[in-house]
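>>> What follows is a predicted structure for the sequence shown.
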Amino acid sequence: MSVLPFDDRDGLIWYNGELIPWRDAKFHVLTHGLHYASSVFEGQRAYGGKVFKPREHSERLIKSGKILGFENPWTPDQIDQAVEDTLKANNLTDAYIRPVAWRGSEMMGVATKGSKIHLAIAVWEWPSYFGPEARLKGLRLDLAHWRRPAPHTAPNDAKAAGLYMIASMNKDAASAKGYDDALMMDYKGRVAEATGANIFFYKEGKLHTPTVECVLDGITRQTVIELAEKRGYEVIVRDIWPEEMASFEQAFLTGTAAEVTPLSEIGPYKYTVGDVCKTLMQDYDDLVNGRL
Ligand code: PMP
């Protein structure tokens, strides 16, 4: 399947306060964000013209930047408005939204003094991250080699580009072995998350999901916890160890791109795409589409 390159498309990108032609949204090769990973981003979605939880995403973008020492010149209101404007300018109602903030090319070096914060927002159609088949059959996850770092090694609570070096290496290794994605452990060996989504397990009437010490506290994760509790499932947030994965009956991923996607395998462990997965998948679908 050939994919249109991301720098050669029609449309408009919001770039430092202006909507500019897609192909002109460039930066210089000597950009701090490129060399030193001083970059944070978001992934959002719009359904039927309505952005799901925009404020949570714009606030997380600002928080991620703050963790990296960014003086973000944009307020959550301005970012939310910019997202709306970008969707409208591109005539999209159902779309993936990618805001990204980075240190520019005003200076070079590990130190950041003198650099400016830039912000861009791009939107495009991206119906289902893992494809419709995964929703029926479940994904197969590899057990990842690279782990989520300790909290004093990297800021796990920032959606920072630098952390995705680990995710990309794991994802590529999993793909090379024929898997859909990889499940990362954390520095202690506890179950952490997939390369771009959180994980939940189910057994005997209860859901289990890892604590957020070493994983991104996903906005979908928080939403699904609420949906599950509304359904009467107890949700236990705790340390989960890999050996326990043999005992769970169902498992699924949550994320803005992944939405709620069931799992059929994690390394040697097998799961059924059961009623709990299906119920929460439907509830999430209903919620984001304004039916719940
Ligand atoms: N973990 C990682 C590493 C992610 O990249 C994402 C996607 N942003 C998530 C979890 C899920 O977060 P959210 O539900 O906020 O999209």
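Structure's in. What do you need?
>>> residues contacting the residue lying closest to residue 256 once chain neighbours are set aside?
Nearest non-adjacent residue to residue 256, counting by CB to CB, 6 or more residues apart in numbering: residue 43, 4.6 Å away. C-beta here means a position set from N, CA and C on the backbone, and glycine is covered the same way. Contact analysis of residue 43 by CB atoms under 8 Å, 6 or more residues apart in numbering lists 57, 96, 97, 98, 196, 255, 256, 257.
>>> Double-check that the fourth one belongs to a strand.
Yes - secondary structure assignment places residue 98 in a strand (DSSP: H, G, I helix; E, B strand; the rest coil).
>>> Isn't it up against residue 121?
Yes - the criterion here is CB atoms under 8 Å, and residue 98 meets it with residue 121 at 7.0 Å.
>>> and these two? which has more neighbours close in?
Applying other CB atoms under 10 Å to residue 98 and residue 121 shows that residue 121 carries more neighbours, namely 24 against 19.
>>> Got the phi and psi for the closest residue to the more buried one other than its chain neighbours?
Ranked by CB to CB, 6+ apart and with sequence neighbours excluded, the top spatial neighbour of residue 121 is residue 14, at 4.0 Å. When quoted as degrees, to the nearest 10, the phi and psi of residue 14 stand at phi -80, psi 120.
>>> what pairs with residue 14 across the strands?
Beta bridges link residue 14 to residue 19, residue 121 when assigned by DSSP bridges.
>>> show me what contacts it?
Going by CB under 8 Å, 6+ apart, residue 14 touches 82, 83, 85, 86, 89, 119, 120, 121, 122.
>>> 7 Å instead?
82, 85, 86, 120, 121 (CB atoms under 7 Å, 6 or more residues apart in numbering).
>>> Now that we have those, which of them are buried?
Listed as buried from the contacts of residue 14 are 82, 86, 120, 121; burial here means 16 or more other CB atoms under 10 Å.
>>> Model confidence score at the third one, please.
Taken from the predicted model, the pLDDT recorded for residue 120 is 98.
>>> Tell me the residues of the chain that contact the ligand?
For the chain, the contact set with the ligand under CB under 6 Å from any ligand atom comprises 43, 159, 193, 196-198, 215-216, 218-221, 254-256.
>>> Show me these that map onto helices.
219, 220, 221 (DSSP state H).
>>> quick one: the strands in the stretch 1-150 of the chain?
Under the criterion DSSP state E, counting those that start in this stretch, the stretch 1-150 of the chain contains strands at 12-15, 18-21, 39-41, 44-47, 50-51, 95-103, 117-124, 139-143.
>>> How about the stretch 151-292 of the chain?
Remark: strands assigned in the stretch 151-292 of the chain by DSSP E, counting those that start in this stretch are 181-185, 191-194, 198-203, 206-210, 234-238, 250-255, 259-266, 269-270.
>>> how about TSV for those, with distance to residue 142 and mean neighbour count added?
Below are these laid out as TSV (distance: least, CB to CB, whole Å; neighbours: other CB atoms under 10 Å):
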stretch	distance to residue 142	mean neighbour count
strand 181-185	4	25
strand 191-194	10	26
strand 198-203	13	23
strand 206-210	18	21
strand 234-238	24	12
strand 250-255	13	27
strand 259-266	8	23
strand 269-270	12	17
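>>> mind checking how far the closest residue to the ligand within the stretch 1-150 of the chain is from residue 243?
As assessed by CB to the nearest ligand atom, the ligand sits closest to residue 43 within the stretch 1-150 of the chain, at 4.8 Å. Counting by CB to CB, to the nearest Å, the gap from residue 43 to residue 243 is 32 Å.
>>> ditto for residue 50
42 Å.
>>> in the worst-scoring helix or strand of the chain on mean pLDDT, what counts as buried?
Here the helix or strand of the chain ranked lowest by mean pLDDT, DSSP states H and E is helix 132-137, holding a mean of 88. Residues of helix 132-137 classed as buried: 134, 135 (neighbour count, 16+ other CB under 10 Å).
>>> Cool, thanks, signing off.
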